[in-house]
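Trainee: pasting the structure only:
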């Protein structure tokens, strides 16, 4: 229901447009008949990297929860602000798990704008995401950026992946990014343990950048219908209240303003002037926060 640059969402510039054009064919292992969360998110942002099943499911989700496109945009804006903040604190390594289809304002774009030597590893389990991410990397040969195919449900494989070991030094601070992805992991799949395993592998000074869908700011009917729609997608939707999101941070120390409603995380220079927030922001039903390991 949830996984965004500028408030305008996806760019239509050729550099970023890997839509349904020319002789492009989806990877053979890709099931285009099943709605995929990353491609639905791409639709929310106005992107072209989605198929009929994704569009139908996304349209149904928007009908149930009209603030969904705004949530997607504000989530991408949070990602940009958080990466900029963490890079400004001196972190030079970023591991973005559940990357989604690349868009303007991606982790590597923001991090390497702040610090050209920043290293970024994208991790996703969708082959179309990997295809597009590699196309992005081909257009940025000077960047310290790589992509690996792996599933968040298997953190040991991520941590032991040669592509991660070759790009990131876990003995040095790393920004672990779990942006709009954990609400696709059920409690019975060990969501808390998954994040604990990843946190424990990080060095002191590392950061956790996290956003998560929640029922707290949506009607009961919208939350229930959104959850129902995602049952037919590649992953179920697990909306968690604040009390279910905060434990993902463990004993990491929050930076101000703490764990807050998504649009309220440092929207303008760390302040919260409601006049600067987008119309309808009160309906964005998600939390966001950034915390550091002691």
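Mentor: Received, thanks. Since the model is a prediction, treat every value here as computed from it, not as a measurement.
Trainee: So for residue 271, what's the pLDDT?
Mentor: Here the pLDDT value assigned to residue 271 is 65.
Trainee: Likewise for residue 222?
Mentor: The model's pLDDT for residue 222 equals 92.
Trainee: which residues of the stretch 151-294 of the chain fall in strands?
Mentor: Using DSSP state E, counting those that start in this stretch, the strands of the stretch 151-294 of the chain run over residues 175-179, 207-213, 253-254, 260-261, 286-292.
Trainee: TSV for these, including distance to residue 95 and mean neighbour count?
Mentor: Bear in mind the C-beta positions are built from the backbone N, C-alpha and C, glycine included. Formatted as TSV, the strands of the stretch 151-294 of the chain follow (distance: least, Cβ to Cβ, whole Å; neighbours: other Cβ atoms under 10 Å):
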stretch	distance to residue 95	mean neighbour count
strand 175-179	6	24
strand 207-213	10	27
strand 253-254	19	12
strand 260-261	23	18
strand 286-292	15	25
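Trainee: Just send these back as JSON lines, with mean pLDDT too.
Mentor: Below are the strands of the stretch 151-294 of the chain laid out as JSON lines (pLDDT from 0 to 100):
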{"stretch": "strand 175-179", "mean pLDDT": "98"}
{"stretch": "strand 207-213", "mean pLDDT": "98"}
{"stretch": "strand 253-254", "mean pLDDT": "98"}
{"stretch": "strand 260-261", "mean pLDDT": "98"}
{"stretch": "strand 286-292", "mean pLDDT": "98"}
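Trainee: I'd like to know which elements the lowest-mean-pLDDT helix or strand in the chain is packed against.
Mentor: The weakest-scoring helix or strand in the chain, judged by mean pLDDT, DSSP states H and E, is helix 127-138 (a mean of 72). Contacting helix 127-138 under the criterion 3 or more Cβ pairs under 8 Å, 6 or more residues apart in numbering; DSSP states H and E are the following elements: helix 37-44, strand 119-124, strand 144-149.
Trainee: ok, now which ones touch the most centrally placed residue in the chain?
Mentor: The residue lying closest to the centre of the chain (Cα atoms, centre = their mean) is residue 179, at 3.3 Å. If you count contacts by Cβ atoms under 8 Å, 6 or more residues apart in numbering, residue 179 has them with 3, 75, 78-79, 82, 96, 98, 209-211.
Trainee: Name the residues linked to it by a beta bridge.
Mentor: Beta-bridge pairing for residue 179 (DSSP bridges): residue 211.
Trainee: What residues does residue 233 make contact with?
Mentor: Listed by Cβ under 8 Å, 6+ apart, the contact partners of residue 233 are 34-37, 40, 57.
Trainee: Tell me the buried residues within those residues.
Mentor: 35-37, 40, 57 (16 or more other Cβ atoms under 10 Å).
Trainee: which SS state does the closest residue to residue 51 other than its chain neighbours fall under?
Mentor: Distance criterion Cβ to Cβ, 6 or more residues apart in numbering; nearest residue to residue 51, sequence neighbours excluded, is residue 32 at 4.3 Å. Counting by DSSP: H, G, I helix; E, B strand; the rest coil, the backbone at residue 32 sits in coil.
Trainee: In this structure residue 32 contacts residue 49, no?
Mentor: No. Look at residue 32 against residue 49 with Cβ atoms under 8 Å: they stay out of range, at 11.4 Å.
Trainee: Out of the two, name the residue with the larger neighbour count.
Mentor: Comparing residue 32 with residue 49 by other Cβ atoms under 10 Å, the one with more neighbours is residue 49, at 25 against 15.
Trainee: got a pLDDT number for that one?
Mentor: Looking at residue 49, the pLDDT reads 81.
Trainee: need the contacts of residue 233 in JSON lines with pLDDT and distance to residue 201, can you?
Mentor: JSON lines is the format used below for the contacts of residue 233 (pLDDT from 0 to 100; distance: Cβ to Cβ, whole Å):
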{"residue": "34", "pLDDT": "87", "distance to residue 201": "32"}
{"residue": "35", "pLDDT": "89", "distance to residue 201": "32"}
{"residue": "36", "pLDDT": "85", "distance to residue 201": "28"}
{"residue": "37", "pLDDT": "86", "distance to residue 201": "25"}
{"residue": "40", "pLDDT": "90", "distance to residue 201": "30"}
{"residue": "57", "pLDDT": "93", "distance to residue 201": "34"}
